[in-house]
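*Asks:* With the sequence up front, the predicted model follows.
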Amino acid sequence: METTNPLQYGADYLEASMKGFHVSFAIGLSFAIIGIIVALFLKGGKIVPVAATNEEDAA
């Protein structure tokens, strides 16, 4: 198709690139929204102290 109709090939190439950008943006936006929702649920949590696991800290 590149040699038979280069204008159509170029148009298809640009259209495919734009679709790829749109899909990438949608995926990034969905991750951002999920991250904000998770962060709002974690806001009310308490910090739990962790016991020392290192031998130097235990001594």
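*Replies:* Received it, and whenever you're ready, just let me know what you need.
*Asks:* from here on, contacts and neighbour counts on C-alpha atoms
*Replies:* OK.
*Asks:* For G10, the count of nearby residues, please.
*Replies:* Residues within reach of G10, counting by other C-alpha atoms under 10 Å, total 13.
*Asks:* sorry, that was for I36
*Replies:* Neighbour number of I36 under other C-alpha under 10 Å is 12.
*Asks:* now do M18
*Replies:* 12.
*Asks:* Where does it sit: helix, strand or coil?
*Replies:* helix (DSSP: H, G, I helix; E, B strand; the rest coil).
*Asks:* Over to T4?
*Replies:* Applying three-state DSSP: T4 is coil.
*Asks:* got it, and T53?
*Replies:* Note that with three-state DSSP, the state of T53 is coil.
*Asks:* Burial check on it, number of neighbours?
*Replies:* Other residues close to T53 by other C-alpha under 10 Å number 8.
*Asks:* ok, it - contacts?
*Replies:* Contacts for T53 were tallied using C-alpha atoms under 8 Å, 6 or more residues apart in numbering; there are none.
*Asks:* what pLDDT does the residue most central in space within the chain get?
*Replies:* Nearest residue to the geometric centre of the chain (C-alpha atoms, centre = their mean): G28, 4.4 Å. G28 is assigned a pLDDT of 98 by the prediction.
*Asks:* if I look at it, how far off is V38?
*Replies:* 15 Å (C-alpha to C-alpha, to the nearest Å).
*Asks:* With G10 instead?
*Replies:* Taking C-alpha to C-alpha, one finds G10 at 42 Å from V38.
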